[in-house]
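A.B. asks: below are the sequence and a predicted model for it; my questions follow.
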Amino acid sequence: MNFFPESVEAPERVRGLPKRRTARSDTRADQIARMQYLTWLWLAGGVAMGSATLVCFRLGARLGTAGFVYLTIIVLLSLMDSFVTSAVFSATAVGCLAFFFSPPVFSFRVAEIRDVVALIAFLAAALAITTLVRRVRWLGEAAREQARLLDLSHDTVIVRDMNAVITYWNHGAEELYGWKKAEALGRTSHQLLQTRFPASLDDAMDTLLRTGRWEGELVHTKRDGSQVVVASRWSLQRSANGRPISALETNNDITLRKCAEDALRRSQAAYLAEAQKLSLTGSFGWDPVSGEIFWSEQSFRIFEYDPDITPTIELALQRVHPDDVALVRQVIDRAVHGAPDFDFEHRLLMPDSSVKHLHVVAHVVTDEPGKRQFVGAIMDVTATKLSAQKLHEAQTELARVTRVTTLGELSASIAHEVSQPLAAIVTNGDACLRWLGHPNPELAEVQTCITRMIGEGRRASEIVRHIRTLAKKDAPHKTRLDLNDVINDVVCLTQREVLSHKVSLCLRLASGLPPLQGDRVQLQQVIINLMMNGIQSMDCIDGRLRNLLIESRMGEEANVVVAIQDSGSGIDPENADRLFDAFFTTKPNGLGMGLSICQSIVEAHGGRMCASSKPGHGATFQLSLPAIIERSDNAPRQSDFWEFARVHRNKRTAVSQAAL
Ligand code: ADP
């Protein structure tokens, strides 16, 4: 059977056959066997030719009859050996015909011209038939060789006609499926193997007829009933006139590979599930058009739903904290209307009233053109949120303690500040008594004194109130305030400190600064810290003026700037990078928390802090804080929703920071 089409490749393989034989006959035993075969053949040929000549001559056969007999013998001989043997016997036959059967007899001379033509025709016919026979033999041998090679293959090779009837079944097919060739030939392949197609047989045949090829994975049932997965390749064979005649099917057993892949997939899925459990991160897939949702096991765990129920958006929304439902709906809406990704935080309110904080990220993956599917992760960040909150509570407490410590350092100034109005009250009280002791009490003077006393009393109580707020454990509270007022409050408290350190304080406060949203006490703490640091840095200065300049002005990008400049020792360049690190100090009794707390406070207000210095010539600490920009339409500053979502997230992150 030759199922290769008549292509260039086939004759080459056929021609290769005798060559391999020649190569094999190189061995001595083969050469001897060949010689013996040739001797036997030539002897038999000679006997046959001789007998035929004798019989034909005795019977008085004519040239044509004898030629026919010789031709039969030559064809038989050519079936048994090579072209050379046939050619030699053809030439011998021509000689015999000329000698015995064409006048004059017993002479190789041929008298009649038509006998010469007949002899030439005989020789040509003999050689042509011999060549044809040889080609048929080659083709047969090539087909047998192909079949033998295909039998050596471990893959199964099946040939079936266009009715799916098996016409070839190699050794690999016998081994894999269990049916012998004789049992399989003539059976309908898909019925015999109970083939399961990825789509359908019709689909596969359509592709085969259209493209000449088909490839895919099939499930076959073996003779013993077990199933095998094969990687199958079909190739369509056509006749010379292009008509489909058969399909060559090679099947490669991939059952083990499939099992290994499945096992790997299963183990990867198990690892992934475990990792999701450990990291408290669930995954999800969501088709915004169909609304179809996939949740991983961990996602079910986060939402505390039974894994058997089908997740839906509504189901998820049922768990969302009432305050965050609007935000979540907006995100969903954006995603449905074409947003390519989302990244936001929201809270869940669980049935036991506990609150979970989730961070959700997702982006679109496009499997097929026009089909959008979101793939994302749901991270349960509750623990992180709580610990961040605890950390910020601790920082708030630390900031308060530092404030109280600073108040302790300022006690002399505070005492002075309080004693001044008290002294004034006493003085005015004395004056009052004196005016009242006059025979004609000067009531107008008394009134003036009492007014002054009330003013001084108010001043003293204001100072006490300041001190109390600085020392109080109140939660931070941001209000609309004027930064110049904050500076003036602080200057008032530190006046005595400035005087006792022989510092010349200069205020250069810009008028008409826009207000800002801030916590008065915290901002006072920042300015006190910076002033005290500046004053202390000038302690060692001799021979030049101790100047402390506090400046306020409008900065870039709608920020209000405060700069506190001293003429002290300046900052050693080596320390410049560590100034704002917690516990960094160069003072013998320093704590190293002042600047670190100042920076946290400023950043919690959305601002920035920096320091510059000319060593030996003082330092400047500058903070810039965002001002409130009045807008006529009262619209929020963030025009874009995503900016809103981001800010919303940052707001949550900053919740406890803001507590500072
Ligand atoms: P502490 O005052 O307890 O040392 P701070 O955080 O307030 O902690 O300051 C940290 C360090 O920064 C100081 O020890 C000092 O070396 C340096 N520093 C702060 N302010 C100034 C300043 N105005 N001039 C020079 N050095 C300063």
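C.D. replies: Right, received. Where do you want to start?
A.B. asks: contacts only, for the residue lying closest to residue 82 once chain neighbours are set aside.
C.D. replies: Leaving aside its chain neighbours, residue 82 sits nearest to residue 134 (7.4 Å; criterion: Cβ to Cβ, 6 or more residues apart in numbering). In short, each C-beta sits where N, CA and C put it, glycine included. Residue 134 sits next to 78, 82, 83, 86 when contact means Cβ atoms under 8 Å, 6 or more residues apart in numbering.
A.B. asks: nearest to the ligand, of those?
C.D. replies: Using Cβ to the nearest ligand atom, the shortest approach to the ligand within the contacts of residue 134 belongs to residue 82, at 106.8 Å.
A.B. asks: just the buried residues of the contacts of residue 134.
C.D. replies: The neighbour-count test (16 or more other Cβ atoms under 10 Å) applied to the contacts of residue 134 identifies 78, 86 as buried.
A.B. asks: so which of the contacts of residue 134 sits lowest on pLDDT?
C.D. replies: For these, the least confident position by pLDDT is residue 82, scoring 72.
A.B. asks: any idea how far residue 144 is from that one?
C.D. replies: Per Cβ to Cβ, to the nearest Å, residue 82 is found 18 Å from residue 144.
A.B. asks: hmm, back to that, now, the most widely separated pair of the contacts of residue 134?
C.D. replies: When the contacts of residue 134 are compared pair by pair using Cβ to Cβ, the farthest-apart members prove to be 78 and 82, with a separation of 8.2 Å.
A.B. asks: A helix includes residue 543, no?
C.D. replies: No: assessed with DSSP: H, G, I helix; E, B strand; the rest coil, residue 543 is coil; it does not lie in a helix.
A.B. asks: pull the number of nearby residues for it.
C.D. replies: The burial count assigned to residue 543 is 4, neighbours taken as other Cβ atoms under 10 Å.
A.B. asks: pLDDT score assigned to it?
C.D. replies: For residue 543, the model assigns a pLDDT of 79.
A.B. asks: next, it: phi, psi?
C.D. replies: Note on residue 543: backbone dihedrals following degrees, to the nearest 10 are phi 80, psi 0.
A.B. asks: how near is it to residue 169?
C.D. replies: Residue 543 sits 111 Å away from residue 169 when distances are taken as Cβ to Cβ.
A.B. asks: repeat that for residue 526.
C.D. replies: In this structure, residue 526 and residue 169 are 91 Å apart, going by Cβ to Cβ.
A.B. asks: do any residues in stretch 616-630 lie close to the ligand?
C.D. replies: Yes: counting by Cβ under 6 Å from any ligand atom, the ligand is contacted by stretch 616-630 at residue 619.
A.B. asks: ok, then the element right after the longest helix anywhere in the chain?
C.D. replies: Longest helix of the chain, by residue count under DSSP state H: helix 113-152. On the C-terminal side of helix 113-152, the closest following helix or strand by DSSP states H and E is strand 156-161.
A.B. asks: extract the C-alpha trace of that following strand and format it as PDB.
C.D. replies: Backbone C-alpha positions of strand 156-161 (Å, rounded to 0.1, in the frame of the first residue of the first chain) are rendered in PDB as follows:
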ATOM      1  CA  THR A 156       0.200   5.400  15.700                       C
ATOM      2  CA  VAL A 157      -0.400   5.800  11.900                       C
ATOM      3  CA  ILE A 158      -3.800   5.200  10.600                       C
ATOM      4  CA  VAL A 159      -5.000   5.700   7.100                       C
ATOM      5  CA  ARG A 160      -8.700   5.900   6.500                       C
ATOM      6  CA  ASP A 161     -10.700   6.500   3.400                       C
END
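A.B. asks: give the buried residues for it.
C.D. replies: Of the residues in strand 156-161, those buried by neighbour count under the rule 16+ other Cβ under 10 Å are 156, 157, 158, 159, 160.
A.B. asks: okay, those residues in JSON lines with pLDDT next?
C.D. replies: What follows is the buried residues of strand 156-161, written out as JSON lines (pLDDT from 0 to 100):
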{"residue": "156", "pLDDT": "89"}
{"residue": "157", "pLDDT": "90"}
{"residue": "158", "pLDDT": "92"}
{"residue": "159", "pLDDT": "92"}
{"residue": "160", "pLDDT": "93"}
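A.B. asks: closest one to the ligand out of those, please.
C.D. replies: In terms of Cβ to the nearest ligand atom, no member of those lies closer to the ligand than residue 156, at 80.9 Å.
A.B. asks: name the nearest residue to that closest one, sequence neighbours excluded.
C.D. replies: Ranked by Cβ to Cβ, 6+ apart and with sequence neighbours excluded, the top spatial neighbour of residue 156 is residue 173, at 3.8 Å.
A.B. asks: give me the neighbour count for the one you found.
C.D. replies: For residue 173, the count of nearby residues is 27 (other Cβ under 10 Å).
A.B. asks: quick one: buried residues of stretch 250-260?
C.D. replies: Buried-residue list, stretch 250-260, by 16+ other Cβ under 10 Å: 250, 251, 252, 253, 254, 258.
A.B. asks: what's the answer for stretch 481-491, then?
C.D. replies: Counting neighbours by 16+ other Cβ under 10 Å, one finds that the buried residues in stretch 481-491 are 481, 483, 484, 486, 487, 489, 490, 491.
A.B. asks: and the next helix or strand past the host helix or strand of residue 30?
C.D. replies: Under the criterion of DSSP H and E, residue 30 resides in helix 28-58. Scanning the chain past helix 28-58 towards its C-terminal end, the next helix or strand to appear is helix 63-80 (assignment: DSSP H and E).
A.B. asks: what are the C-alpha coordinates of the next helix or strand after that next one, in CSV please?
C.D. replies: For helix 63-80, the succeeding helix or strand toward the C-terminus, using DSSP H and E, is helix 83-96. Listed in CSV are the C-alpha atoms of helix 83-96, where the atom choice follows Å, rounded to 0.1, in the frame of the first residue of the first chain:
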residue,chain,number,x,y,z
PHE,A,83,17.4,-4.7,-15.5
VAL,A,84,20.8,-6.1,-16.5
THR,A,85,19.6,-9.7,-16.4
SER,A,86,16.5,-8.8,-18.4
ALA,A,87,18.6,-6.8,-21.0
VAL,A,88,21.1,-9.7,-21.4
PHE,A,89,18.2,-12.2,-22.0
SER,A,90,16.4,-9.8,-24.3
ALA,A,91,19.6,-9.6,-26.5
THR,A,92,20.0,-13.4,-26.4
ALA,A,93,16.3,-13.8,-27.4
VAL,A,94,16.9,-11.4,-30.4
GLY,A,95,19.9,-13.5,-31.4
CYS,A,96,17.9,-16.8,-31.2
